[in-house]
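Trainee: Sharing a model prediction with you, sequence too.
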Amino acid sequence: MPRESAKSAAAATVVDGPIQFLSPEGVLEPDGRLAPPTGADLPALYRDMALARRLDAEAIALQRQGELAMWPSLRGQEAAQVGAAHAFRDQDMVFPTYREHGVARCRGLDPVALLGLFRGTTLGGWDPFERRFQLYTLVIGAQTLHAVGYAMGLVRDGAVATGDDSRDSAVLVFLGDGALSEGETNEAFLWAAAQQLPVVFFCQNNQWAISAPFRVQSRVPVAQRASGFGFPGIAVDGNDVLACLAATTEALDRARSGGGPTLVEAVTYRVNAHTTADDATRYRPSSEDEEWAAKDPLDRLRRHLTANGLADDAFFADVEHQERSLAEHLRAGCRELPAPDPSTPFTHTHATLTDELRRQLADHLDSVAGGQESGAVR
């Protein structure tokens, strides 16, 4: 494509803007580019977003109290995560980054299990196949290749495009805008396209890859990048839970039926710092916080529910009660997480320990026992 034409195409994508059904004021309007979700349980969507936000707030408080080493906040991204999560079927598999706390809770995972990873008591803490939710991935972009490999397995197992809704499966993999700069992500896009794999790449474009703004990573919008690999891309308002639900539902349906991959860009904002170890005030202007506060995903859905008589004070009071119960569960569960067995770095490395590793394990256990006796290790 000539340079001027390429610029025009990129500009058109930006002018069109992300698809939006629910405005920041809570007004529901159609968007001709995408069919709205049918049968969506709006109160349930609000409840799951509110609980995701409370989970996040309690985890931050636990980190500040010294109970967790670190925590990556999801605040501001609740609509993207919950909207996408409500598009799943039971047999679909999810590959998260390290920030999909709302998705994990929607998948039925006890959120206390998430805390173990950041408390240092476990490297995972849950069975990925029990909830169809893989372990958190801390290496940026690595989960995209894991997802593509799993999707290749679905094709070879005959679990795609059979016409059986209870069997046909897809993969949903989450990534941030920073992962687009990683080689693994681009390799995943290439393989997914070349083999027409049943995988949906869901990019939460929260505007910042730690301190690097998206504008320094790409000259085109996230969704537009998909066309270079040969599959569709779609941009939605990531603070509109209905737009996120509709786009993910359509993309997963296409994947299960053999239509191949899709890149969904949810344009949102990371309200808090990258993690509790980060200071976003050093690189982000305060004006951004004010701009995005007016687009809050929970506020807009609450306005819609209230204005249209879809939820009353009793409903919101019940949600607040569930939030308090969740908070109590998290506080108690975090402190009750068992310390890891000091032998696990050895016993979980090889199926059969070598003689040398057995000697190292014995020395390690003697060292730990000696430290405990002296009070150095507690």
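Mentor: Ah, there it is. This structure is a prediction, so every number in the text was calculated from the model and none was measured.
Trainee: can you map out the helices along the stretch 201-350 of the chain?
Mentor: For the stretch 201-350 of the chain, helices defined by DSSP state H, counting those that start in this stretch occupy the ranges 226-229, 241-256, 286-293, 297-307, 313-336, 344-347.
Trainee: other SSEs contacting the second one?
Mentor: In this structure, helix 241-256 makes packing contacts with helix 42-64, helix 78-85, strand 171-176, strand 199-205, strand 233-237, strand 262-267, judged by 3 or more Cβ pairs under 8 Å, 6 or more residues apart in numbering; DSSP states H and E. Just so you know, the C-beta spots here come from the backbone N, C-alpha and C atoms, and that holds for glycine as well.
Trainee: May I ask you to confirm that Leu180 is in contact with Val216?
Mentor: No: in this structure, Leu180 is not within contact of Val216 by Cβ atoms under 8 Å, at 11.9 Å.
Trainee: more neighbours, the two?
Mentor: Leu180 (24 against 9; other Cβ atoms under 10 Å).
Trainee: Pretty sure the more buried one sits in a strand.
Mentor: No: assignment of Leu180 by DSSP: H, G, I helix; E, B strand; the rest coil gives helix, placing it outside any strand.
Trainee: roughly how far apart are it and Val160?
Mentor: When distance is defined by Cβ to Cβ, to the nearest Å, Leu180 is 26 Å away from Val160.
Trainee: still on that earlier bit, between the helices and strands packed on helix 241-256, which one is nearest to Asp366?
Mentor: With Cβ to Cβ as the measure, helix 42-64 is the member of the helices and strands packed on helix 241-256 nearest Asp366 (33.2 Å).
Trainee: Need the CA coordinates for the closest one. CSV is fine.
Mentor: Listed next in CSV are the C-alpha coordinates belonging to helix 42-64 (Å, rounded to 0.1, in the frame of the first residue of the first chain):
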residue,chain,number,x,y,z
LEU,A,42,-27.0,-6.6,33.0
PRO,A,43,-27.3,-6.8,36.8
ALA,A,44,-25.0,-9.8,36.8
LEU,A,45,-22.4,-7.9,34.7
TYR,A,46,-22.5,-5.1,37.2
ARG,A,47,-22.2,-7.4,40.2
ASP,A,48,-19.1,-9.2,38.7
MET,A,49,-17.4,-5.9,37.9
ALA,A,50,-18.1,-4.6,41.4
LEU,A,51,-16.7,-7.8,43.0
ALA,A,52,-13.6,-7.6,40.7
ARG,A,53,-13.0,-4.0,41.8
ARG,A,54,-13.3,-5.0,45.5
LEU,A,55,-11.0,-8.0,45.0
ASP,A,56,-8.4,-5.6,43.6
ALA,A,57,-8.8,-3.0,46.3
GLU,A,58,-8.5,-5.6,49.1
ALA,A,59,-5.4,-7.1,47.5
ILE,A,60,-3.7,-3.7,47.3
ALA,A,61,-4.6,-3.2,51.0
LEU,A,62,-3.0,-6.5,51.8
GLN,A,63,0.1,-5.6,49.9
ARG,A,64,0.4,-2.3,51.8
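Trainee: could you say what helices and strands it packs with?
Mentor: Contacts defined by 3+ Cβ pairs under 8 Å, 6+ apart place helix 42-64 against helix 78-85, helix 101-106, helix 111-119, helix 241-256, helix 297-307, helix 313-336.
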